[in-house]
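Trainee: can't give you the sequence, but here's the structure:
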């Protein structure tokens, strides 16, 4: 792997759509940020405008970088595409993106692998789509390509790519032959090349459906595919539907009446608060809540909520009296569910309350089974850990019994300054704590670049999530002084490697959660997703009547954010926007739980909330897709029967087909009712299709082929026939 060095690639400009005046295409070869004329400019903004770059020799092109003018410019590319290939006529899309309208150079990763193999390019085509100034021509100031052009690396890639292209061409031929029922040609080509058109289960489905018309056997194949998890990829790509519901709690039987009987305690639930902490044990379906600020004072009560029964239980009204932590807010808790213990660190103190004796960072552990608190240390800093901090993040790695703490503002002596936006704050770095040996390690200091590694900027109000399977911490967003951060990076627990996913410099607008708004994040390691609820900003100047909740999902394998919903004023059944609240997630049952917070009401600064909500996200289930596939199969079977035996078709419609319809769904019901019209008219064959058909071809062939294509759409792309069509390659 030592030979895979990325280098600057030599290229020339071989073709262009147009240029204006002295702004010739060759100007992009030189980076002169201070020279207004050192650029290529098109003489029109009418598509297609392009530059064609020819590499000195074939190379694996990994990145493209754009230099810019020293000032903003209306002709900068707001949107563009990049294509690549071995020839000018056969290229694939490598990138679709845009530049910020500033002076900072930008680099982009290009698609350079197919089926996990690198492929080479000789030509790179840059196609501007939109400039920053409306109706302005396009300008490119400088382009740099980086990649691998070593012959020892590129030649095997060339060989693989040529084999890949030939294989794809054969598969397109096989697809064409089968679509047109040229069975002899199909079988002969497949026998000669030994190349499979698709996964064997799809070939089996095609044979049973299209050639044999064995619909019962088709349903069994589809059921087998669903049970083998072949629909999982399709399900993961579908949009979520969501539902907020206020949680109705069950009164606890905790009070004895005069007759010695238990009576319901109607107020036995946590009161209004913000800055509290919650954790959830997904195995026992129990939520634990501790502390917070009720608008007047810090709290020291510990509660549990049993999800199945909907019942709150006050474990302790004052943990300090039981050897536990004092009243506090802006602390952090995390749960080691394997050992059933909760770890608690940090708190916020008003400046008037700070004296040297209470500025130590106490660190507690709560054993759930024994209902006992243990003070691990009254000063973590004395053991090499963080000083007293608030608004930090903390997670526990149960497998290795390691605790990770990142960020947070360090509390110092009395101050009248705003702790969150002080001009000279002190932020805590990234620490690990080995639970069995009670030992702390500083992994990254705030803004420390002495080790030569990537700089980590500590912050408050951020998110940090642990993916136990990937062994990664995901860290993003937050606030540093008056700057709202929007970066996103990972830290590998075992290799100490930090990887930047996004440095936050790109203005991606509506495509990522907005910076400056309170975010609560959770992770689902099973589905490889991060969830973010974005609510109210802590900055009073950013609050407005139009501020609403939004919910985002980050697809970890595809590195992609998706906005599931942004609430509107008409949507009543949801919690109001807020900050200082808590959100936990049961990844087993796929339910979020939200409690309390600060609604940020201008006239009610001490107001806090005590509402409790659930948020359920759902995608189409395996059972729903299986029912849909069966419905499509039986619908087509009904149509075939109806064409020759209407009475028999009516019976089939009322029994076999009707049982697969959700009659509570208006759309499904209407579609089902419209099927009866098939019984009252005979369809005439399409004369144009008949000309293209062999005389002896089964009249049901086309309909069954279309049904097959519909069923195939539920399978992973790597299992299916190629998407393209052979006939589309003919351009005249």
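Mentor: That came through, no problem. Nothing here was measured: the structure is a model prediction, and the numbers come from that model.
Trainee: now do the strands in the stretch 101-250 of the chain.
Mentor: 106-109, 113-114, 117-118, 121-131, 139-140, 142-148, 241-246 (DSSP state E, counting those that start in this stretch).
Trainee: nearest to residue 716, out of those?
Mentor: Residue 716 lies closest to strand 113-114 among those, at 15.8 Å (CB to CB). In this view, the C-beta of every residue, glycine as well, is placed from N, C-alpha and C.
Trainee: for the closest one, which outside residues touch it?
Mentor: 119, 161, 164 (CB atoms under 8 Å, 6 or more residues apart in numbering).
Trainee: that strand pairs with which strands, parallel or anti?
Mentor: Strand 113-114 has its sheet partners listed here by DSSP bridges as strand 117-118 (antiparallel).
Trainee: so which residues of the stretch 601-732 of the chain form strands?
Mentor: 609-618.
Trainee: below-threshold pLDDT in it: ranges please.
Mentor: Scanning the stretch 601-732 of the chain for pLDDT under 70 picks out 681-698, 731-732.
Trainee: where do the helices sit along it?
Mentor: Taking DSSP state H, counting those that start in this stretch, the helices of the stretch 601-732 of the chain run over residues 622-642, 646-652, 666-674, 687-692, 701-712.
Trainee: now do the contacts for residue 232.
Mentor: residue 622.
Trainee: for residue 304, which non-adjacent residue is spatially closest?
Mentor: Distances taken as CB to CB, 6 or more residues apart in numbering place residue 313 nearest to residue 304, at 5.0 Å, with adjacent residues excluded.
Trainee: helix or strand for that neighbour, which one?
Mentor: Per DSSP states H and E, residue 313 falls inside strand 311-316.
Trainee: now tell me what touches the next helix or strand after that strand from outside.
Mentor: The element immediately downstream of strand 311-316 (helix or strand, assigned by DSSP H and E) is strand 332-336. Residues from elsewhere that reach strand 332-336, judged by CB under 8 Å, 6+ apart: 277-281, 288, 290, 341-346, 392-396, 398, 401, 403, 405, 435.
Trainee: if you count residues, where's the longest strand of this protein?
Mentor: Taking DSSP state E as the criterion, the chain has its longest strand at strand 51-67.
Trainee: the contacts of strand 113-114 in helices, which ones?
Mentor: 161, 164 (DSSP state H).
Trainee: just put the contacts of strand 113-114 in CSV and tack on neighbour count, pLDDT and distance to residue 556.
Mentor: Formatted as CSV, the contacts of strand 113-114 follow (neighbours: other CB atoms under 10 Å; pLDDT from 0 to 100; distance: CB to CB, whole Å):
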residue, neighbour count, pLDDT, distance to residue 556
119, 24, 94, 25
161, 20, 91, 29
164, 14, 91, 27
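Trainee: ok, the contacts of strand 113-114 vs residue 491, which is closest?
Mentor: Residue 491 lies nearest to residue 119 out of the contacts of strand 113-114, by CB to CB, at 31.7 Å.
Trainee: I'd say the closest one and residue 159 touch.
Mentor: No: in this structure, residue 119 is not within contact of residue 159 by CB atoms under 8 Å, at 10.9 Å.
Trainee: elements contacting the strand holding residue 313?
Mentor: Applying 3 or more CB pairs under 8 Å, 6 or more residues apart in numbering; DSSP states H and E, one finds that strand 311-316 contacts strand 252-256, strand 298-306.
Trainee: can we see that at 6 Å?
Mentor: When contacts are defined as 3 or more CB pairs under 6 Å, 6 or more residues apart in numbering; DSSP states H and E, strand 311-316 packs onto strand 298-306.
Trainee: just want the angle from the strand it packs on to strand 609-618.
Mentor: Orientation check (axes from the mean of the first three to the mean of the last three CA atoms, to 10 degrees): strand 298-306 against strand 609-618 gives 40 degrees.
Trainee: for strand 298-306, name the packing helices and strands.
Mentor: When contacts are defined as 3+ CB pairs under 6 Å, 6+ apart, strand 298-306 sits against strand 286-293, strand 311-316.
Trainee: ok, and which of these has the densest surroundings?
Mentor: Mean neighbour count (mean count of other CB atoms under 10 Å) peaks for strand 286-293 among the helices and strands packed on strand 298-306, with a mean of 24.
Trainee: how far does that strand sit from the chain's center?
Mentor: Distance, stretch centre to chain centre, for strand 286-293: 28 Å (CA atoms, centre = their mean, to the nearest Å).
Trainee: any idea how far residue 122 is from residue 56?
Mentor: Residue 56 sits 9 Å away from residue 122, taking CB to CB, to the nearest Å as the criterion.
Trainee: now render the helices of the stretch 601-732 of the chain as JSON lines, adding mean neighbour count and distance to residue 535.
Mentor: Output for the helices of the stretch 601-732 of the chain, formatted as JSON lines (neighbours: other CB atoms under 10 Å; distance: least, CB to CB, whole Å):
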{"stretch": "helix 622-642", "mean neighbour count": "18", "distance to residue 535": "31"}
{"stretch": "helix 646-652", "mean neighbour count": "14", "distance to residue 535": "53"}
{"stretch": "helix 666-674", "mean neighbour count": "12", "distance to residue 535": "33"}
{"stretch": "helix 687-692", "mean neighbour count": "9", "distance to residue 535": "56"}
{"stretch": "helix 701-712", "mean neighbour count": "17", "distance to residue 535": "41"}
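Trainee: in a markdown table: the ones you listed, plus distance to residue 61.
Mentor: What follows is the helices of the stretch 601-732 of the chain, written out as a markdown table (distance: least, CB to CB, whole Å):
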| stretch | distance to residue 61 |
| --- | --- |
| helix 622-642 | 39 |
| helix 646-652 | 57 |
| helix 666-674 | 47 |
| helix 687-692 | 42 |
| helix 701-712 | 33 |
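Trainee: closest to residue 602 out of those?
Mentor: Nearest to residue 602 among the helices of the stretch 601-732 of the chain is helix 666-674; the distance by CB to CB comes to 43.7 Å.
Trainee: rewinding a little: just name the most buried of the strands of the stretch 101-250 of the chain.
Mentor: Greatest average neighbour count among those goes to strand 139-140 (a mean of 24), per mean count of other CB under 10 Å.
Trainee: given that one, what are its sheet partners and their directions?
Mentor: Using DSSP bridges, the strands paired with strand 139-140 are strand 40-41 (antiparallel).
Trainee: per-residue confidence averaged over the strand it pairs with?
Mentor: When pLDDT is averaged over strand 40-41, the result is 96.
Trainee: low-scoring pLDDT stretches of this structure, where are they?
Mentor: Applying pLDDT under 70 to the chain picks out residues 1-4, 250-267, 414-425, 449-453, 505-511, 516, 537-547, 568-572, 681-698, 731-732.
Trainee: so which residue is dead centre in this structure?
Mentor: Nearest to the geometric centre of the chain sits residue 554, at 1.5 Å (CA atoms, centre = their mean).
Trainee: please name the bridge partners of that one.
Mentor: Using DSSP bridges, the bridge partners assigned to residue 554 are residue 530, residue 561.
Trainee: can you tell me which of the contacts of strand 113-114 is nearest residue 87?
Mentor: Closest to residue 87 out of the contacts of strand 113-114 is residue 161 (12.0 Å), distances taken as CB to CB.
Trainee: just to revisit the earlier point, any chance of a markdown table for the helices and strands packed on strand 298-306, columns distance to residue 233?
Mentor: Converted to a markdown table, the helices and strands packed on strand 298-306 look like this (distance: least, CB to CB, whole Å):
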| stretch | distance to residue 233 |
| --- | --- |
| strand 286-293 | 32 |
| strand 311-316 | 39 |
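Trainee: please enumerate the strands of the stretch 401-550 of the chain.
Mentor: 402-406, 409-410, 430-434, 439-444, 463-467, 472-480, 483-492, 498-502, 519-524, 529-534, 550-555.
Trainee: out of these, which gets nearest to residue 579?
Mentor: Closest of the strands of the stretch 401-550 of the chain to residue 579 is strand 519-524, at 9.3 Å (criterion: CB to CB).
Trainee: give the pairing partners of the closest one; include direction for each.
Mentor: strand 529-534 (antiparallel).
Trainee: which residues does the strand it pairs with contact?
Mentor: 513, 517, 519-523, 550-554, 583 (CB atoms under 6 Å, 6 or more residues apart in numbering).
Trainee: now swap in stretch 196-206 and tell me
Mentor: With contacts defined as CB under 6 Å, 6+ apart, stretch 196-206 is touched by 171, 174, 221, 225, 708, 719, 720, 721.
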